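>>> pasting the structure only:
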């Protein structure tokens, strides 16, 4: 007795392969994002997207002093050409025993000047004040060094009552 084409395993293997290739070809590709954040009791570090086609910026939060420092990498000159700073103790109104946590995210901001805002932001939460702040920064694509800029406090919200 002769076997039908639809009863052969190789037919189904070939049909499945072709269907899978067609689905992969016509479905939109999702970009892979690699924003990262890591920390411990003494300091935290995160990467933040800058502009499309540009390298990321890296930010370090000194949990002991409340200083947030960052640097934007320029892929053309292969150096850090932009630096950022912010003293968080005044923002959170906490002087002793501050307990920070930091993450980065993608964000779209309206441009208000000649230097465009970056495509990312930093969220910092502080346990004692019960506040989460959102910080943004400007990033220029030029390869020359720029004086240190202050990170801008964009928004804030209380997530619990202060323990002070």
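Yep, it's here. In this text, all values refer to a predicted model and were calculated from it rather than measured experimentally. Numbering: from 1, shown residues only.
>>> for residue 143, give me its contacts.
74, 76-77, 81 (CB atoms under 8 Å, 6 or more residues apart in numbering). (C-beta placed from N, C-alpha, C; glycine too.)
>>> go on, residue 103?
Here residue 103 is in contact with 37, 46, 122-123 (CB under 8 Å, 6+ apart).
>>> name the residues of the helix or strand bottoming out on mean pLDDT in the chain that are buried.
Every helix and strand of the chain was ranked by mean pLDDT, DSSP states H and E. The lowest is strand 37-39, at a mean of 80. Buried residues in strand 37-39, counted by 16 or more other CB atoms under 10 Å: 37, 39.
>>> repeat for stretch 146-162
146, 149, 151-152, 154.
>>> show me the helices in this structure, by range?
9-26, 88-92 (DSSP state H).
>>> weakest of the ones you listed by average pLDDT?
Ranked on mean pLDDT, the bottom entry among these is helix 9-26, at a mean of 85.
>>> can you pull the contacts of residue 149?
82-85, 137-138.
>>> could you measure from residue 40 over to residue 61?
Distance of residue 40 to residue 61, given as CB to CB, to the nearest Å: 11 Å.
>>> same drill for those two, tell me which one is more crowded.
When neighbours are counted by other CB atoms under 10 Å, residue 40 and residue 61 differ, and residue 61 comes out ahead with 25 against 8.
>>> that one against residue 39, yeah?
Yes - between residue 61 and residue 39 there is a contact under CB atoms under 8 Å: 7.3 Å.
>>> identify the contacts common to those two.
Contacts common to residue 61 and residue 39, judged by CB under 8 Å, 6+ apart, are 45, 102.
>>> circling back: export the helices of the chain to TSV and tack on distance to residue 115 and mean neighbour count?
Listed next are the helices of the chain as TSV, based on distance: least, CB to CB, whole Å; neighbours: other CB atoms under 10 Å:
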stretch	distance to residue 115	mean neighbour count
helix 9-26	40	10
helix 88-92	22	18
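>>> specify the beta-bridge partners of residue 152.
residue 136 (DSSP bridges).
>>> check contacts around it.
Residue 152 neighbours (CB under 8 Å, 6+ apart): 135-137.
>>> quick one: low-confidence parts of this structure?
Scanning the chain for pLDDT under 70 picks out 1-3, 5-6, 29-35, 113-114, 162-164.
>>> could you pull out the strands for this structure?
Assigned by DSSP state E, the strands in the chain fall at 37-39, 43-48, 57-62, 67-74, 79-87, 100-106, 120-126, 131-136, 149-150, 152-158.
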